[in-house]
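Q: sequence plus predicted model, see below.
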Amino acid sequence: MVKVKRSKNINVNDGHDDRFEIIDFTVASEWEKLISKLESLIKKCRASKQSSSDDSVTYHSHTYQFIYVVPSTSSQLNNAFMNPKNDFEIFPNTSGSTTSRRMHQQENFFHWFGVQEYFVLLALKDTGPEISELSTMLSAFTIALHNENCYIPGFVGFDEKRLENFLGYMFMPIKRNGDDHFIVKLATESISTNTLNAHQNIAESIEKQLKIFYSKLTTEPDDRNWDQFLSLSTISSKYTYIRNDWNENEWRYIDDETPSVQLTASGNTIDNQQQQQQQHKSVSDDSDDEDDIRSPKVLESDLFRWGYPMDPIEQLQLCVMYPPLASIHVLENQLENIQTKSWFIKAVFRKSHGSLFQLSLGIMNVFNTMIESLKSESIYQVLTDYNIKNRYTLSNNSAHMSGDQSSTSLSPQSTSSSLRYSNEQQQLHDNNNNNNNNNNNIQSNSSNPSLIRTVGSLTKSLASSLNAPLIPTEREIDLVLRDLFFEKRDINDPKRFNNIPEDILNAQPLPKSTFVKRAPVDSLFFSFCFVCLNLQSLVGVLVFWSEFVEEIKWHWEHSLPIPRTFNSDQINMNHTLVYQKMQMINYCISRKVKQRRYGKKKEESPKTTYKAQQNEGWDDGDLDLDHIPDPESEVNNNNNNNNSDDDTTPPQQVLKGQYLLYHDREIVIPETQDIGPMTDDMVNEQLEELIQLGDTPEANELRMKKQTPSLLSDMQSFKYANKGCVFEDFVRWHSKRDWIATKEEDSNQSVATPPLDPVVEGIVDEFGIIEGGDVGDDESNGRTRGVGFGRDGYLSSRMTRQNLWRKTWKEAVALPIEEQPPLFDYIKQAERAISYLENIHPSELIHQIISVLLTSILTIFTNEKSTSRLPPEYCLGMNPKYTKPLIDRYFDTMNQLWPTNTPNEIKKSDFEPLFKSIQDIENNVSKLTSLKSKFKHLDRVISQLYTNGFSDVKPNEFQLINDLIFGEYDDATTVKPHAREYITRSYAPRPFRDSQTMPHRMYTCLSQYECRVSTVISEEDQS
């Protein structure tokens, strides 16, 4: 064992109250273990050349963190505290709490001591080590550095709570590869100016700083040595001007001064200036008002509403650096005449935290409601548990009492609401917008306008929604529903939903494919999902949803189109089922309106007429008989522009150059019935029923009959529009690939029917076409067949035998679509869609809401305002160079983690990478938005600040940055700097007068918060 003799020495005080004497050398002492541990860590760090803070050292039951800091690139590896060219340097900002703190320390150590590679020992306790402990640790560090022959400085830190006061040691050879060395003592301390006397207050003048430095170097202070000191010393200066008083929302607005050309709804082009004039029509513009110049009127659509709740830039620092000058010139204040000064701008970003990002917070709120929804039975059960009494629960309560839970009451009495808009009101609004009149009156319809376009909850902001009630009030719901269902955009605005082509709204957010369902941008359900970001509970979402469904029911009953929802018969299966059902209802509303225009009486509703035909085929559509689209024979329609309710009757269309076989008239394209759209669940039901039919001949016959109604309707319409037509004429229009044209020189020869392919003969193909036996029907009735104009040709082999088409053609009689039984029961399908919306399971609803939100992030953050035709509030894409990697990473994470179908169980921890990727997007886009709003068109400066955190300032950029920091009427000559930093260098013999002349360095920083002094004193090694 180690035997230690402890004795009290009251005469000698070297910082230790107790003196330890080792009397047993058989076992290593704790002191020797400390030195050995430090040597091993030094050796390890020098070998790795990578910054590290994971190691620790224990001595006398106290633990110290061992930190090694090295620059990120080897080119920066220069502990050149003697090199005056490296006085001040701007270090890049880095993300991450640990790395950013280490980089911050590295920047400080470089300015304090001129070193970039160093070791640090920090006590892991708030009070820091005592003076005796500090001396012991520094001594051990000194021995370890010498034993390892390491020329890297080592520091020990005290006042560890602030990480600002350090003592250090380093030794280096006087000559390269020489045996003589010199030692360097390093120290820094933050001093309160209140503790300094009149002679010590270096904040008053540079001369007092030089006096203090001079007193540390010379052993015989006198005037002659002072003059020599001034002649041998130089001073580098750095002045920093700070601005951090940002407006709360100013950073969210990007004033794009570059004019851009955009399309109007009619296809005309307008520049960006004209568009802004149209958008600001209702805002008075007083160009003489200075406040308007400083704070322009900002449109809600121009604001970036996600990301940080405050400006992500905490402060901007404008720095001017002066090169080393003789001390005498600095004392004479000749800095202003220096032309070689350098200007830099530095951005200090706020430390990111998950609780600051509003979009990801909202998505996590909705995610929590999904976890809760998996435990619930139904919307009705959740609402009744909370004793919610609204239109939904009252109507469903009567259904439950009667035992008929599946029936849906659509009586007008059950759909009364305080929020109702008639066609006249909406038309008046559109006319007022179109005539540029009374915009303010229209906006006053809501006491809280544009709620759906804000990040806020049902009040104003997401931050305030943290204290929002569990269940939104009726007033709040009415305000949001008003904003949702009332179209505020001008009827000619190219950004209006109905004026944007469907292919743009339906476009994939990225070229990559995803199975996650979505909704068109700015659609009604899309906006509903974003409102749900601000609801704090499942019951709050379901209350809002139940009122939302009641509004949709009201629109159906009053034959008013659902706003911002497609009404075409082409349903995109990439959309969520909720949106598909809403489109189905909108299509049924358009059919309902069209039915009225045809003068049909209510008693002759298609629901009654169709039941007699119900066993003849599908009530919602059929399969494509040819499986090959024939664009030349399709009739163009206007459904895709969402204006199918136009009163104008389209002109009669013909097949150009195609005449009837037995009449000199062009083939008229008939007006046919729409078979109606099919939603995702309807397609699955139809396929399942087809599979259940089996593969027997009877099943094939039945399968074909289910397709007959659509084919029969087309044939009846064709016969009505083309008097005297024959089967061949119908084939030429309806299935062009089954008409084989002959060469013109063979047109006078008799047309012979080609032999049937022996492989095809006697079999029933997938269409049930060939049944055997040639067709003996002759429809010419003694008429002469014409020549030319598309008549020269013959039917394909599958159309020359008895088949379903032939049978149907014989049964078809000439009837217009008004007199035909309808193929699509719009009342039944609308009620079916409404029933789905009312009875959807809460977990399925929340799953679709989150799916829309997740896919919308891709669209929102990839589209740029200057190039996209989408509304500007949904075009938050910035510089693809910086955001594209984040978007791609988020896309891959979403595809990997988010389930396509509603899961039975879900854990929030499994989706943390998804939330993190959303936060990364918000964080970076927030920074880019703030930089863009401040530096406008200075793209080079924005790029440098975003990437490195700092940028040099060129002459052509200086004026804008000067106005940003100082304002229009001030500059660096009239404003006092917030911080003044000086690095003084000199040469003097140390430690004795006859010692070799050594380099020395002192750093001072003067600000309103502190006065810091750092010294680097070199001495010749006398050992």
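A: Alright, I've got the coordinates.

Q: gap between residue 45 and residue 70?
A: 8 Å (CB to CB, to the nearest Å). (C-beta placed from N, C-alpha, C; glycine too.)

Q: right, and residue 563 touches residue 483 too?
A: No: counting by CB atoms under 8 Å, residue 563 does not reach residue 483; the two are 10.9 Å apart.

Q: all strands for the stretch 651-800 of the chain, in order.
A: Along the stretch 651-800 of the chain, counting by DSSP state E, counting those that start in this stretch, strands occupy 653-659, 666-669, 739-741, 793-795.

Q: tell me which of those strands sits most buried.
A: strand 666-669 (a mean of 20; mean count of other CB atoms under 10 Å).

Q: using CSV, lay out the strands of the stretch 651-800 of the chain together with mean pLDDT and distance to residue 956.
A: As requested, the strands of the stretch 651-800 of the chain are exported to CSV (pLDDT from 0 to 100; distance: least, CB to CB, whole Å):
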stretch, mean pLDDT, distance to residue 956
strand 653-659, 89, 61
strand 666-669, 93, 64
strand 739-741, 89, 69
strand 793-795, 89, 72
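
Q: figure out which of these is closest to residue 497.
A: Proximity to residue 497 (CB to CB) singles out strand 653-659 among the strands of the stretch 651-800 of the chain, at 28.9 Å.

Q: so what does the closest one touch, helix or strand wise?
A: Under the contact criterion of 3 or more CB pairs under 8 Å, 6 or more residues apart in numbering; DSSP states H and E, strand 653-659 touches strand 666-669, helix 727-734.

Q: ok so residue 542 is a helix residue?
A: Yes: counting by DSSP: H, G, I helix; E, B strand; the rest coil, residue 542 is found in a helix.

Q: how near is it to residue 901?
A: Distance, residue 542 to residue 901, using CB to CB: 21 Å.

Q: can you check residue 1010 too?
A: According to CB to CB, residue 1010 and residue 901 sit 60 Å apart.

Q: could you give the bridge partners of residue 1011?
A: Per DSSP bridges, the residues bridged to residue 1011 are residue 191, residue 1006.

Q: isn't it up against residue 188?
A: No: here residue 1011 does not reach residue 188: they are 11.8 Å apart, not a contact under CB under 8 Å.

Q: quick check: residue 971 touching residue 962?
A: Yes: under the criterion of CB under 8 Å, residue 971 makes contact with residue 962 at 5.7 Å.

Q: ok, the two, which is more surrounded?
A: Remark: of residue 971 and residue 962, residue 962 carries more neighbours, 18 against 15, as counted by other CB atoms under 10 Å.

Q: more neighbours, residue 542 and residue 901?
A: With neighbours defined as other CB under 10 Å, residue 542 and residue 901 compare such that residue 542 has more, 27 against 9.

Q: which residues touch that one?
A: By CB atoms under 8 Å, 6 or more residues apart in numbering, the residues touching residue 542 are 379, 382-383, 842, 845.

Q: redo that, cut-off 7 Å
A: Residues in contact with residue 542 (CB atoms under 7 Å, 6 or more residues apart in numbering) are 379, 382-383, 842.

Q: same thing with residue 55?
A: 41, 66.

Q: and it, how far is that from residue 64?
A: Plainly put, residue 55 is 10 Å away from residue 64 if you go by CB to CB.

Q: count of neighbours near residue 915?
A: By the criterion of other CB under 10 Å, residue 915 has 18 neighbours.

Q: surely it touches residue 360?
A: Yes: at 5.4 Å, residue 915 counts as touching residue 360 under the criterion of CB atoms under 7 Å.

Q: which SSE is residue 999 in?
A: Element membership of residue 999, judged by DSSP states H and E, is strand 997-1007.

Q: contacting residues around that strand?
A: With CB under 7 Å, 6+ apart, strand 997-1007 has contacts from 81-82, 111-112, 114, 182, 202-203, 209, 213, 217, 978-990, 1012-1020.

Q: from the residues you listed, which land in strands?
A: With DSSP state E as the criterion, strands contain 182, 979-989, 1012-1020 from among these.

Q: state the pLDDT value of the residue lying farthest from the centre of the chain.
A: For the chain, the residue at maximal distance from the C-alpha centroid (CA atoms, centre = their mean) is residue 782, at 71.8 Å. Residue 782 is assigned 79 on the pLDDT scale.

Q: who's in contact with it?
A: Contacts of residue 782 by CB under 7 Å, 6+ apart: none found.

Q: one more time with 10 Å
A: Shown here is residue 782, whose contacts under the criterion CB atoms under 10 Å, 6 or more residues apart in numbering are residue 662.

Q: backbone dihedrals for it, both of them.
A: With angles defined as degrees, to the nearest 10, residue 782 sits at phi 80, psi 0.

Q: tell me how far it lies from residue 809.
A: 20 Å.

Q: ok, now residue 658?
A: For residue 658 relative to residue 809 (CB to CB), the value is 19 Å.
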